[in-house]
Each structure stands twice: as structure tokens, then as C-alpha cells.
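S.K.: Based on what follows, work out the 3D shape:
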Amino acid sequence: RVFELSCKSLKADIISLDLAHRLPFHLKTPLINAAIARGVHFEITYAPALRDASSRRVLFGNALALVRAARARNLLLSSAA
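M.R.: Next up, the predicted model:
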């Protein structure tokens, strides 16, 4: 519900999700497209992938789902340092 609200109407420039853990919701393309239309960017942080293999696997799966839903638009890659 919070993710839906942030994609549709909250005034934000960047949405950062903890992709190293399994998300409790699906990344739906209409929500992502609504956020992109408003100029919102999504942040993918790769620092958790450096810690252990299970976090790396979940992070790459979630990041792939985000890239597919966003069609590789409005994505930021950072270390979260």
C-alpha cells in the first residue's frame, strides 16, 4: 500500500527499495510506469550483494524484476555508502 501511494501521489524524486530481501509485494508495471511518468527514479543498491550469496541471489532477482517493470528507464545504481 505504501509503495502504491509513493508511486502514484507522494512527492519524491527517488524511491529506494531494499532489494536484498524478498519483497512483500509484486513490482507491477502500471505502478512503475505511473511513477516514471511523474519523473520518479528507482534506486538499486548493490552493497548488500557484496555480503553473502543469498542476499546476492535475492537482490539480482528483485533488480531484474524492477528493470523489466521499468523497461530499464529511470533507474539509479548506487553503493548506498
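
S.K.: Now Ser16, what are its backbone angles?
M.R.: When read as degrees, to the nearest 10, the backbone of Ser16 gives phi -110, psi 120.

S.K.: Could I get the full set of strands for the chain?
M.R.: Using DSSP state E, the strands of the chain run over residues 14-16, 41-45, 75-78.

S.K.: of all those, which lies closest to Cys7?
M.R.: Cys7 sits nearest to strand 14-16 of all the strands of the chain, at 7.3 Å, using Cβ to Cβ. To be clear about C-beta, it is placed using only N, CA and C from the backbone, and glycine gets the same treatment.

S.K.: wait, doesn't Leu76 sit right on His41?
M.R.: Yes: using Cβ atoms under 8 Å, Leu76 is in contact with His41, at 5.3 Å.

S.K.: counting residues per helix, which one in this protein is longest?
M.R.: Identified as the longest helix of the chain according to DSSP state H is helix 53-70.

S.K.: Could you give the average pLDDT over that one?
M.R.: Helix 53-70 carries an average pLDDT of 95.

S.K.: Which positions in that helix come out as buried?
M.R.: Neighbour counts using 16 or more other Cβ atoms under 10 Å place Ser55, Val58, Leu59, Asn62, Ala63, Leu66, Ala69, Ala70 of helix 53-70 among the buried residues.
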